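[1] okay, sequence plus prediction incoming.
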Amino acid sequence: MSNVIQAIEAPVDYGEFPDPLGHFGPYGGRFVPELLMAPLEELAAAYDRFRTDAEFQAELYADLQYYVGRPTPLYFARHWTERVGGAQLYLKREDLDHTGAHKINNTMGQALLAVRMGKRRIVAETGAGQHGVATAAVCARLGLECIVYMGAEDVRRQSVNVYRMRLMGARVVPVDSGTRTLKDALNEAFRDWAANVDDTFYIIGTVAGPHPYPEMVRDFQAVIGRETREQCLEQHGRLPDALVACVGGGSNAIGMFHPFLGDTGVAIYGAEAGGEGVATERHAAPLSAGRPGVLHGNRTYLMENADGQIMPTHSVSAGLDYPGVGPEHAWLKDTGRVQYVAVDDDDALAAFHNLAQLEGIIPALETAHAIAYAEKLAADMSSDQIIVINCSGRGDKDINTVAEVEGMDL
Amino acid sequence: MSRIGHRFDQRRAEQRKTLVTYLTGGDPHPQATVPLMHRLVDAGADVIEVGMPFSDPMADGPVIQSACDRALEGGTGLRGVLEMVRDFRRTDNDTPVVLMGYLNPIEQIGYQAFARDAAAAGVDGVLTVDLPPEEGSELVEALLSHSLDPIWLVAPTTRMERVNAICGQASGFVYYVSLKGVTGAGTLDVDDVGSHVDTIRQATRTPVGVGFGVRSGHDAARLGQVADAVVVGTAIVSRIADNVGDDGAIGDAVEAITRELRSGLDTPVVEVTD
């Protein structure tokens, strides 16, 4: 009996997950058509080989330093902190990464892996366009063919990013099926991969999809949390009291969170897209208001109806407009290690303006969800406490959307 | 023995090949499916696959995606499909019926409840496209406990060890995906398919069906030379898509292509060599 209690109380070693088949507790795994099983096994084997390969790591590190611009600053937002009143607010400036968001930490890693595997044709999906832009950039730099699938609705609302991708030589393919958003772009990218497995590498942009993607993308993004840890220790001699990041698929969040999961003194919060409110059907918050199911190769929380059909989602932010979430987040929700909250469109838009006006930093609308929740959280904390917010991307891409929502003609 | 095994044995005894035809349940509307299933049988189909509509059919090409959309718009989900099979069984107790689709709708009903209800409706086998054997043991157990055949896919990319593992679990028939891509794509390389089918035959005595990319009676005839069964989906569903709004025309077009496939399969192919 005492053994049982000990086992239950033993701290979870988060570094041990996923298991060899990609499971985070009941989540994750590999739910794909048989055609894709062999390429996924090939990818997992290649990743296992190169993750510990000194030469690969050195090349990736150099690219992150000289091409991406790492390390990014951990910045004290003094003016914003004063206005909010409460805990000190620090921004991890992933908006300063080359191409304007954290996405390139992952695309750099996967593209180098693709080259090592001899695959010179790259496919990717994109929602807001940030992952597509980050993929197009690394493909241009490495001389790889790049095809980006993007929902037709997203092509319309993120036209600037579409043009950026084309400028860098990528072919952007609008996807007209389903809800014409990110989930449909994923379906189409999987279809392309299935038809071209021999020469094609699929760079998934988030910590979802079949194993090994959730683990591999997390590992490439964990540089965010590792740097934050070092910088916080250097600046303050201690770890932060809380972390906040926005969660769509969840790659910037898991990258920030993962190196801190074992630090029980660090409270961790993920902000999902509440859209017009989780009480309505117009949101994109599966962890807050969905239930477990299987989509896009993994078991996770989904927005679905009673018949198991995937529901259309809504968020003012295209990058959070996705009915699923990475399986590790699903598991972290169930274990209680991370608290997931929903932030609605209006609060995110208000936070977008606050940060622009108080700090001269225009955050991505995705990021604005984390900014909004941090304001709430900070107000209930004391001035000697520290919150780090992952400022995952810059908001230039969103100014047309914000202007449109606010009835302004640019 | 299940209806599927029995049907394959019958055709083999007649030295004929088995014709497996697919349509999406509820396409283009809920009342259309059961009459179309009977029409398929009358035109020579041996096994009917009924697609369980799903919002995100990632292994399917545009033709079957659109069929799923039409079915979902008409309100057909997995429970609706089970009702259709039950209805079909009122007048046809011999033709095997296989459900084909994606895992999530089954998960929402629950594996045991799904297997029980499917068996009660008269389903004989279940093929879940996005469920590899590694993740499938729980569903397989539920299916077998209700005497349903779990049908597995083997792909051109499947390595020999996996072929053995998959065939070790196979019942009903093994479905060989004849090309890299989604349903309805590409062109067939019969020699390549034949060598893969031979590999599968070394691993199992379960019959082998081949599908993806079969468009005509001629295609069926060529594949019939190397496989026990030919599976045709997109070619049939595209006849439905071309005639939406006219159920009579849909029935005629579906019957015509099915007869062409049947006749292709039943006619020995004379290969012309240059």
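    Everything's here; your move. Numbering: from 1, shown residues only, chains lettered A, B, ... in the order given.

[2] what about A:Q57, distance to A:D219?
    11 Å (CB to CB, to the nearest Å). (Glycine included, C-beta is placed from N, CA and C.)

[3] okay, which residue is most central for the chain?
    Using chain A here. Computing the C-alpha centroid of chain A and ranking residues by CA atoms, centre = their mean puts A:S251 first, at 2.5 Å.

[4] actually it's chain B I care about, not the one you picked
    Here the mean C-alpha position of chain B is nearest to the C-alpha of B:E49 (CA atoms, centre = their mean), at a distance of 4.1 Å.

[5] just confirm that one is within a strand.
    Yes - following the definition DSSP: H, G, I helix; E, B strand; the rest coil, B:E49 is counted among the residues of a strand.

[6] how far does stretch A:217-227 sit from its chain's centre?
    For stretch A:217-227, the distance from its own C-alpha centre to the chain's C-alpha centre is 11 Å (CA atoms, centre = their mean, to the nearest Å).

[7] repeat for stretch B:166-174
    Per CA atoms, centre = their mean, the displacement of stretch B:166-174 from the mean C-alpha position of its chain is 14 Å.

[8] quick one: contacts for B:V98?
    By CB atoms under 8 Å, 6 or more residues apart in numbering or on different chains, the contact set of B:V98 is B:4, B:20, B:47-50, B:123-127, B:149, B:151, B:172.

[9] in strands, which of those residues fall?
    B:20, B:47-50, B:125-127, B:149 (DSSP state E).

[10] let me have the residues you listed in CSV, extended by pLDDT and distance to chain A.
    Compiled in CSV, the ones in strands among the contacts of B:V98 are given as follows (pLDDT from 0 to 100; distance: CB to the nearest CB, whole Å):
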residue, pLDDT, distance to chain A
B:V20, 98, 17
B:V47, 98, 20
B:I48, 98, 22
B:E49, 98, 16
B:V50, 98, 16
B:G125, 98, 16
B:V126, 98, 15
B:L127, 98, 11
B:D149, 97, 17
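
[11] for chain B, give me its nearest residue in the stretch 51-200 of chain A.
    Closest contact between the stretch 51-200 of chain A and chain B, by CB to the nearest CB, is at A:A195 (3.7 Å).

[12] contact partners for that residue?
    Applying CB under 8 Å, 6+ apart to A:A195 gives the contacts B:180-182, B:185-186.

[13] again with A:T72
    So A:T72 contacts A:92-94, A:96-97, A:224, A:227 (CB under 8 Å, 6+ apart).

[14] any idea which element it lies in?
    Using DSSP states H and E, A:T72 falls within no helix or strand.

[15] from the chain's centre, how far out does the helix ranked longest in chain B sit?
    Across chain B, the helix with the greatest residue count (assigned by DSSP state H) is helix B:247-266. A distance of 16 Å separates the centroid of the chain from that of helix B:247-266, by CA atoms, centre = their mean.

[16] quick one: buried residues of it?
    By neighbour count with 16 or more other CB atoms under 10 Å in any protein chain shown, helix B:247-266 contains the buried residues B:247, B:250-251, B:253-255, B:257-258, B:260-262, B:264-266.

[17] likewise for stretch B:113-127?
    Neighbour-count burial for stretch B:113-127, counted by 16+ other CB under 10 Å, picks out B:114-119, B:121-127.

[18] most widely separated two among those residues?
    With CB to CB as the measure, no two of the buried residues of stretch B:113-127 lie farther apart than B:R116 and B:L127, at 18.3 Å.

[19] so which other helices or strands are in contact with the longest strand seen in chain A?
    Within chain A, and with DSSP E defining each element, the longest strand by residue count is strand A:267-275. With contacts defined as 3 or more CB pairs under 8 Å, 6 or more residues apart in numbering or on different chains; DSSP states H and E, strand A:267-275 has these neighbours: strand A:242-246, helix A:251-257, helix A:286-289, strand A:339-344, helix A:345-359, helix A:365-379.

[20] which outside residues touch the shortest one?
    Helix A:286-289 has contacts (CB under 8 Å, 6+ apart) with A:247, A:270, A:272, A:274, A:278, A:283, A:300-303, A:323-325, A:329-330, A:333, A:340-342.

[21] list buried residues within those.
    A:247, A:270, A:272, A:274, A:278, A:283, A:300-303, A:323-325, A:329-330, A:333, A:340-342.

[22] neighbours around A:D346, how many?
    The number of residues packed around A:D346, counting by other CB atoms under 10 Å in any protein chain shown, is 15.

[23] about what we covered before: same list (the helices and strands packed on strand A:267-275) but as a markdown table, adding mean pLDDT.
    Listed next are those as a markdown table, based on pLDDT from 0 to 100:
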| stretch | mean pLDDT |
| --- | --- |
| strand A:242-246 | 98 |
| helix A:251-257 | 98 |
| helix A:286-289 | 96 |
| strand A:339-344 | 98 |
| helix A:345-359 | 98 |
| helix A:365-379 | 98 |
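
[24] and these, which is most packed in?
    Each of the helices and strands packed on strand A:267-275 was given a mean neighbour count from mean count of other CB atoms under 10 Å in any protein chain shown, and the largest, a mean of 31, is that of helix A:251-257.

[25] low-confidence ranges in the chain?
    Picking chain A for this. In the prediction, chain A carries residues with pLDDT under 70 at positions A:1-11.

[26] if you could check chain B rather than the one you did, that'd help
    B:269-274.

[27] tell me where it has helices.
    Going by DSSP H, chain B shows helices at B:3-13, B:33-42, B:62-73, B:78-89, B:103-109, B:111-121, B:137-145, B:160-169, B:190-203, B:217-224, B:234-242, B:247-266.

[28] can I get these in JSON lines including distance to chain A?
    Supplementary listing: the helices of chain B in JSON lines, determined by distance: least, CB to the nearest CB, whole Å:
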{"stretch": "helix B:3-13", "distance to chain A": "19"}
{"stretch": "helix B:33-42", "distance to chain A": "16"}
{"stretch": "helix B:62-73", "distance to chain A": "6"}
{"stretch": "helix B:78-89", "distance to chain A": "6"}
{"stretch": "helix B:103-109", "distance to chain A": "3"}
{"stretch": "helix B:111-121", "distance to chain A": "10"}
{"stretch": "helix B:137-145", "distance to chain A": "11"}
{"stretch": "helix B:160-169", "distance to chain A": "7"}
{"stretch": "helix B:190-203", "distance to chain A": "12"}
{"stretch": "helix B:217-224", "distance to chain A": "18"}
{"stretch": "helix B:234-242", "distance to chain A": "14"}
{"stretch": "helix B:247-266", "distance to chain A": "22"}
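
[29] between these, which gets nearest to A:Q65?
    When these are ranked by distance to A:Q65, counting by CB to CB, first place goes to helix B:160-169 at 41.0 Å.

[30] contacting residues for the residue nearest to the centre of chain A?
    Going by CB under 8 Å, 6+ apart, the list of residues near A:S251 reads A:102-103, A:106, A:205-207, A:217-218, A:221, A:326.

[31] the same query, at a cut-off of 7 Å, please.
    By CB atoms under 7 Å, 6 or more residues apart in numbering or on different chains, the residues touching A:S251 are A:106, A:205-207, A:217, A:221.
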